[in-house]
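# Sequence and predicted structure below; questions after.
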Amino acid sequence: MGRFTRNVLARASGGSVALSQLWPGRTDRLIIAPHDLRTADTTRAAEIYAGRFVFAGKIVNCHGRSIFDLEPPSEDWEVALLGFGWLRHLRAADTALTRANARALVDDWISNPAGKRPLARRADVLARRVISLLSQAPLVLNDTDGKFYRRYLRALSRDIRYLRYTMLDIPDGVPRLQVLIALCYASLCLANQARHIRSTSRKLSDELQRQILPDGGHISRNPGALIELLIDLLPLRQTFAARNIPPPPALLNAIDRMMPMLRFFRHGDGSFALFNGMSSTPSDLLATLLAYDDTHGVPMANMPHSGFQRLDAGQTALIMDTGPSPPSNVSHDAHAGCLSFELSSGPSRIVINCGMPTTGRDNWRPFARTTAAHSTLTYNETSSCQFVELSAMKRLLHGALIVSGPANVESYRELVQNGTLLTTSHDGYVHRFGVVHHRLLMISHDGSRIDGEDSLSPPVSGRLKGNDADFAVRFHLHPAVKASRLSDARGVMLVLPSRDVWTFEALDDKVDLEDSVFLAGNDGPRRTAQIVIRGNARQTPSIRWSFVRSPGSASLTNARRNARREPELPL
C-alpha cells in the first residue's frame, strides 16, 4: 500500500484526510477531505465499472454511453446519481482501475450539459454533491494532472457559489440544514473559502437551534431526520477539530441532544418506529452512529418537545406519538398518526404503523400519510390531518403540506399499582366532527400485558356534528407475526418469530382480521394483516382491548385464558 493510500484510509485528526502533501503548490486550495461515515460496498464498484448503476431499486445499463445522458427511471434514482454518494463504493475498492473509473465519471459530469438539468441544481442534491466531491477528493484526484485538478476545483467552486449566493428556493427542514452543512464543509476544506467559516458556522448554529428541539428531536417529527443529519454532523465536528478550529457550541449541543433519540425510537430488533415519513431503518448507518454514543444508557421515557412517549417494561417496548402536527412548512412528510403506537416484545415487532417505502414513495405517499395507515382510531374514514390537495398548490409548496391537524394533544403518564398508565387525547376531529379522541394505555410492570381504551366524546360545551359517527380502531401487525382469529370473534392469537404467543382481545366488541401492507420493508412493500374493531360513537363511544403474553406455554388455551382476564385500568 502506497503512501497516498495510507493517508486516504487513515482517519487523521478523527476522520479527516489532510491533503497538504498530495498536490505540491496547490495546498492553498483543497487542504482537507472530511470522512464519509456512509457504508461502502466493493461489489457496487464492480457494477459501476461494468456500466450498471443501481440506485433506489432501479437499474440502468449505460452500454458505453454517458450515464448522464440517459433518461433516469425515477426521480429517486436521479437524485442518487447526481448526489455522487456512490463514489464511496469506488473508494472502497481502492484499485488503480476504480480510481481511474471515478475520475472518468467525474470528468464526464463536469463536461456534460446534463449539469444544467433542474434536479442537478435542487438544493438537497447540490448539497449532497458538494459534500461527496469534497470527501471523495483523494479518490478522484490521486495521480491526476494539474489540468484536471483545476477543472475539478472550478466545478466544485461553481456548485458552492450557487449554494451560497444564488437565491435558491430551499424547502425548510432537513434540506436547509444540508445546504448549511455543505457550506460549512466547503469553508473548512477549501483554503480560499476560509473567510466564510465564521458566517457559515453562525448560520448553521442558528438553524440547528431552531430545528433541533430541546429533547433532541427534529421539528419535522420524523425519526429518520436524526440519522440523515447526524451522518453529516459527526464528520463536520471532526473536520473542525482537524483544522484546529473549535466547533460551534450549537453543533456540539445538537449532537449531544440527538444521540439519545436514536435509542428512544429503536425497537428490540434495531428498527426505528415508523412515524412521520420514517421508512426502513438503515442498519449500517445506525450502527455507525451508535458507535459515537458514549452514554449507552436506557432510552428516556418522555420526549415532551418532540411529542413522543416510550413505555418499557421487561422485554416489552411501546412507543407512541403524543404530539401535534409539525409546523406546516416542515410537514412535507408528516403523517396523520396522532396517538398511534408501535409495540415490540424482545426482538419481535408486533404492532406497527405502515411506514413509508424507501423507493416509489409517490405511489404510496397518499395512503401512507392517512390515519388509517396507523395503529390508532380513524373517525368517519377521515384522517386527523388535512393535506393540500390541489396539484398547483402542491407544485408551489413542493409537496402536500398539512393545512390542519391536531393542535391540542394532551399526554400524562403516572405509575399506578398495576403498572404505568398513559392518558392521552387529541382534537384533530373537533373542527369537522365535534369529537375528541381519548386513548388510555397501561403496561404492566413485567411488560406481559397492555390494556387500552379508545373513546370518543364531544369537547366541553360541544356536541357531535353530522349523522355519520362510525369509527375504526386499527392495529397493524408486522409481517413476521402469524395472526389467527379466535372462534369467539373477539380476539386474535399472535405467534411471534420467537415462538412467543400474545393474544389480543376486545372485551365487548367484534374483532376483524383484515389485509394490510407493511411499506417500510427493506425489500419493498409486503402484505400483512391488521386487527380492526369498528363502532359508532353515538352507540358505543368506548372500546376496551388488551394484548397479553402467554406465560411459558404457547398453547391457544393459555393464550385465551390470559386474554379473558378483566383489564385493570383505573377508569
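That came through, no problem.

# mean confidence for stretch 179-194?
Averaged across stretch 179-194, the pLDDT comes to 90.

# And that stretch, how far out from the chain middle?
26 Å (Cα atoms, centre = their mean, to the nearest Å).

# got it, and stretch 533-547?
That offset, for stretch 533-547, works out to 32 Å (Cα atoms, centre = their mean).

# do the same with stretch 495-515
Offset of stretch 495-515 from its chain centre (Cα atoms, centre = their mean): 28 Å.

# Over to stretch 215-234?
Distance, stretch centre to chain centre, for stretch 215-234: 8 Å (Cα atoms, centre = their mean).

# From start to finish, how long is that stretch in a straight line?
Taking Cα to Cα, to the nearest Å, stretch 215-234 runs 18 Å from one end to the other.

# Next up, phi/psi of Pro458, please.
Pro458 has phi and psi values of phi -70, psi 160 when expressed as degrees, to the nearest 10.

# Look at it and report its pLDDT.
On the pLDDT scale, Pro458 is placed at 91.

# My guess is it contacts Val436. True?
Yes - here Pro458 reaches Val436: they are 7.1 Å apart, a contact under Cβ atoms under 8 Å. Just so you know, the C-beta spots here come from the backbone N, C-alpha and C atoms, and that holds for glycine as well.

# Show me which of the two is the more surrounded one.
With neighbours defined as other Cβ atoms under 10 Å, Pro458 and Val436 compare such that Val436 has more, 21 against 16.

# Which strand residues bridge Met442?
Per DSSP bridges, the residues bridged to Met442 are Leu421, Asp451.

# show me what contacts Pro431?
Actually, residue 431 is His. It isn't Pro. The contact partners of His431, by Cβ atoms under 8 Å, 6 or more residues apart in numbering, come to Ser404.

# Please report the distance of it from Gly337.
According to Cβ to Cβ, to the nearest Å, His431 and Gly337 sit 18 Å apart.

# how about stretch 285-296: buried residues?
285-286, 288-289, 293 (16 or more other Cβ atoms under 10 Å).

# For Val351, give me its contacts.
Contacts of Val351 by Cβ under 8 Å, 6+ apart are 341-343, 375, 475-478, 547.

# Equivalent analysis for Leu464, please.
433-435, 458, 537-538.

# Ok, His305 next?
Going by Cβ under 8 Å, 6+ apart, His305 touches 213-215, 217.

# Narrow the residues you listed to just the buried residues.
Buried residues within the contacts of His305, counting neighbours by 16+ other Cβ under 10 Å: 213, 215, 217.

# For Asp333, state which of the residues you listed is nearest.
Among those, Gly217 lies closest to Asp333 (Cβ to Cβ), at 14.3 Å.

# distance of the closest one from Val179?
For Gly217 relative to Val179 (Cβ to Cβ), the value is 21 Å.

# And for Leu229?
Using Cβ to Cβ, Leu229 is found at 12 Å from Val179.

# how near is the closest residue to Ser384 other than its chain neighbours to Leu87?
Excluding its sequence neighbours, the residue lying closest to Ser384 (Cβ to Cβ, 6 or more residues apart in numbering) is Gly428, at 3.2 Å. From Gly428 across to Leu87, the span is 45 Å (Cβ to Cβ).

# Just the ones of the buried residues of stretch 285-296 in helices?
Among the buried residues of stretch 285-296, the members found in helices (DSSP state H) are 285-286, 288-289.

# Turn those into a markdown table, columns for distance to Trp502.
What follows is these, written out as a markdown table (distance: Cβ to Cβ, whole Å):
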| residue | distance to Trp502 |
| --- | --- |
| Leu285 | 31 |
| Leu286 | 26 |
| Thr288 | 33 |
| Leu289 | 31 |
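
# Report the two of the residues you listed separated the most.
Greatest spatial distance among those (Cβ to Cβ): Leu286 and Thr288, at 7.2 Å.

# Can you tell me the centre-most residue of the chain?
By Cα atoms, centre = their mean, the chain has its centre lying nearest to Gly224, at 1.7 Å.

# Do I have it right that that residue meets Ser271?
No - using Cβ under 8 Å as the test, Gly224 is too far from Ser271 to be in contact (11.5 Å).

# Okay, now the unreliable bits of this protein?
Scanning the chain for pLDDT under 70 picks out 1-28, 114-116, 166-169, 295-299, 361, 390-398, 552-571.

# how about a cut-off of 50?
By pLDDT under 50, the weakly predicted segments of the chain are 1-15, 18-28, 553-571.

# for it, longest strand please?
Longest strand in the chain by number of residues (criterion: DSSP state E): strand 526-536.

# Just name whatever secondary elements that one is in contact with.
Helices and strands touching strand 526-536, by 3 or more Cβ pairs under 8 Å, 6 or more residues apart in numbering; DSSP states H and E, are strand 470-477, strand 512-518, strand 542-549.
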